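Visitor: Got a sequence here, can you model it:
(chains A and B)
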Amino acid sequence: MNHPPFDSWLLEPSELTEEQRERLEQHLAVCENCRQHDLSLRSVDLILSSAGLVEPPDGFAERFAVSLERRREQRLHRRTAYVLALIMLGSLAVLAGLLALGIPQLAGLGNQNLRGMLTAWRQISVIVELGVSLLRTMDPTTYPAVMLWPAIVLAVMMLAAHITFSVVWTALYLRLATQPISWSRRP
Amino acid sequence: MQSNTRDQEAQWIEMARSGDDEAFGKLVNAYQGPVFNLCYRILGNAREAEDAAQESFLRAYNNLHRYDASRKFASWMLTIASNYSVDQVRKRRLTLLPLEKIPAARRPGMESGSLDEQLIMYQTEDDVRALLDSLPAADRSAVVLRYWYDLSYDEIAEVLQASVSAVRSRLHRSRKAMAENWQASISGAGFRETSDEPSTV
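Guide: Here you go, the predicted model:
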C-alpha cells in the first residue's frame, strides 16, 4: 500500500489534526486497500496489547545468586591458573639464569669444560655436558669431573624439582582452567 | 511513593556497589519480570530468555561501577537485556538447526486458568510470536518496549541508544511490516520470514 500521506497518517492517528482526520476518514471510505491496512494495523495493535508480561519461572533470583557464586569461583580459578602460569614462567627464567650464569661460576673455577658457557642459549649443551660429566665421574681418575660434582648435584636437583613442578602445574592448570571445581560446600 | 521507591532503589544500588550481594538481589527481584519479558519477546522461548535474563543481570552486576545514577536503573537494565538478546538472535545464524525446529517453550504461568482461557492464551502467544519473529531483532526490541512497557519515543531512544527519529521510523516500519504480515497470514499466504533469522542455516 502506498497512498501518501494516508499510509503514514494511519501509523500515528493520535497526532492528526481534526482536518487531517476527516480527510483520512473520507479516503478510507473509498480506498479498500487503505481500509484493509488500517484494519490490519488495528488487529496487530490489539494482539500485541492483549499479550501480557511474561514472568520468569519461580526461583529466578535464587538461580541468579547461584550463578553469581559460580562465576566468582570460576574467576578465582582462572586467577589461580594465571598466578601458577606466572610462577612457572618465573621458575623457567630462574632456571635458565642459573644454568647460564650460576652453575659455571659455582663449578667452573679452573674447569676448562665450563668456561665460556655464560649465555642462556647454551643451556641445552650445558645439560648435555653435565650428563656426560656425570658419566665421567664413574672414573675416579678424571680430575675435571670431580670438580663438577657440586654443579651436577645442584643441576640434577633443580631439574627434578622443575619437572615435578611442571607436571603438578600442568595438572592443576587443566583441572582449574577447563573444569572449574568448587571448593566450597553446597547444600 | 514513587520517590520513595527511587530512593530505596538508589540505596540498593549504592549498597550493591559496595559489595552487598543481598542489595543486588533486591534489584534482581524488582526487575526480573521486565527483563525476562523483554528477553522472552525478543528471543521467542523461555529457556533462552532465562539464560539471557540471567546473563543480563550478571553483566549489570559486573558493570555496576559504570552505571550512571542520573539514568533510570530500569532503562539501564533494559538496555543491557536488549543488546544481549539481539546479539543472541544474530548469533542464531550460526546454528545448525532450522529456526522452526527450536522448540517454543511454553509461556510460564500458562498452565493456570480454564481450558478455553488457555487456548486463547496459546493462540494469542502464537500470533504474537509470529508477528515479532517477522521483524529484525533490533526492531523487535523497539516494538516490545513500546507495547509492553508503554515507553515514549524518548524513553525507547534512551534504552536503545538511538535517536528519537530513528526509533520513530523503526516503529513505523515495524508496524507496517507486521500489518502486512498479518494481512498475508489471514489471507492464507502465511507469515514472511524475518530478515536476520534465516529459516535454515
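
Visitor: Show me which residues of chain B are close to chain A?
Guide: Near chain A, the residues belonging to chain B are B:21, B:25, B:28-29, B:32-34, B:36-37, B:40-41, B:46, B:49-50, B:53-54, B:57-58, B:61, B:107-109, B:124-125, B:127-128, B:131, B:143, B:147-148, B:172, B:175-176, B:178-180, B:182-183 when assessed by C-beta under 8 Å from any C-beta of the partner chain. Every residue, glycine included, has its C-beta placed from N, CA and C.

Visitor: For the chain, which segments are assigned as helices?
Guide: With no chain named, the answer covers chain A. In chain A, the helices defined using DSSP state H lie at A:6-11, A:18-30, A:32-50, A:60-97, A:103-107, A:123-136, A:143-173.

Visitor: You answered for a different chain; I wanted chain B.
Guide: B:2-17, B:21-43, B:46-62, B:73-91, B:115-133, B:137-147, B:153-160, B:164-186.

Visitor: possible to save these as a markdown table with mean pLDDT and mean neighbour count?
Guide: As requested, these are exported to a markdown table (pLDDT from 0 to 100; neighbours: other C-beta atoms under 10 Å in any protein chain shown):
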| stretch | mean pLDDT | mean neighbour count |
| --- | --- | --- |
| helix B:2-17 | 87 | 13 |
| helix B:21-43 | 95 | 21 |
| helix B:46-62 | 96 | 20 |
| helix B:73-91 | 95 | 20 |
| helix B:115-133 | 83 | 16 |
| helix B:137-147 | 94 | 23 |
| helix B:153-160 | 95 | 20 |
| helix B:164-186 | 93 | 18 |
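
Visitor: And the ones you listed: which comes nearest residue A:30?
Guide: helix B:164-186 (19.1 Å; C-beta to C-beta).

Visitor: Check which helices and strands that closest one is in contact with.
Guide: Counting contacts by 3 or more C-beta pairs under 8 Å, 6 or more residues apart in numbering or on different chains; DSSP states H and E, helix B:164-186 packs against helix A:6-11, helix A:32-50, helix B:115-133, helix B:137-147, helix B:153-160.

Visitor: Just the CA atoms of the first one, as CSV, please.
Guide: Backbone C-alpha positions of helix A:6-11 (Å, rounded to 0.1, in the frame of the first residue of the first chain) are rendered in CSV as follows:
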residue,chain,number,x,y,z
PHE,A,6,-2.6,8.5,4.3
ASP,A,7,-0.4,5.5,4.9
SER,A,8,1.8,7.5,7.3
TRP,A,9,-1.3,9.1,8.9
LEU,A,10,-2.6,5.6,9.7
LEU,A,11,0.5,4.9,11.7
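
Visitor: what residues does that helix touch?
Guide: Contacts to helix A:6-11, defined as C-beta atoms under 8 Å, 6 or more residues apart in numbering or on different chains, come from residues A:1, A:16, A:20, A:24, A:27-28, A:31, A:34, A:37-38, A:41, B:172, B:175-176.

Visitor: Could you point out the member of those that lies closest to residue A:61?
Guide: Distances from residue A:61 to those, taken by C-beta to C-beta, are shortest for residue B:175, at 35.0 Å.

Visitor: Serialize the helices and strands packed on helix B:164-186 to a markdown table and add fields for distance to residue B:78.
Guide: Below are the helices and strands packed on helix B:164-186 laid out as a markdown table (distance: least, C-beta to C-beta, whole Å):
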| stretch | distance to residue B:78 |
| --- | --- |
| helix A:6-11 | 24 |
| helix A:32-50 | 17 |
| helix B:115-133 | 16 |
| helix B:137-147 | 7 |
| helix B:153-160 | 5 |
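
Visitor: Out of these, which gets nearest to residue B:4?
Guide: helix B:153-160 (21.5 Å).

Visitor: ok, residues contacting that closest one?
Guide: For helix B:153-160, contacts defined as C-beta under 8 Å, 6+ apart pick out B:71, B:75, B:78-79, B:82, B:138, B:141-142, B:145-146, B:151, B:163-164, B:166-168, B:171.

Visitor: Point to the residue nearest the middle of chain B.
Guide: residue B:38 (1.9 Å; C-alpha atoms, centre = their mean).

Visitor: so how far is residue B:165 from the residue lying closest to that one once chain neighbours are set aside?
Guide: Nearest residue to residue B:38, sequence neighbours excluded (C-beta to C-beta, 6 or more residues apart in numbering or on different chains): residue B:81, at 5.0 Å. Distance from residue B:81 to residue B:165, counting by C-beta to C-beta, to the nearest Å: 24 Å.

Visitor: Residue A:154 now?
Guide: On the measure of C-beta to C-beta, residue A:154 and residue B:165 end up 76 Å apart.

Visitor: before we move on, what about residue A:163?
Guide: Counting by C-beta to C-beta - residue A:163 and residue B:165 are separated by 67 Å.

Visitor: number of nearby residues for residue A:9?
Guide: 19 (other C-beta atoms under 10 Å in any protein chain shown).

Visitor: just to revisit the earlier point, hang on, the residue nearest to residue B:38 packs against residue B:52?
Guide: Yes. Residue B:81 is in contact with residue B:52 according to C-beta atoms under 8 Å; the separation is 6.8 Å.

Visitor: Any chance you could list residues touching both of the two?
Guide: residue B:39.

Visitor: ok now do residue A:72, which residues does it touch?
Guide: Residues near residue A:72 by C-beta under 8 Å, 6+ apart: none.

Visitor: Can you give me the pLDDT of residue A:32?
Guide: The score at residue A:32 is 92. That number is its pLDDT.

Visitor: Which among the helices of chain B is found nearest to residue A:58?
Guide: Ranking these by proximity to residue A:58 (C-beta to C-beta) places helix B:21-43 first, at 10.6 Å.
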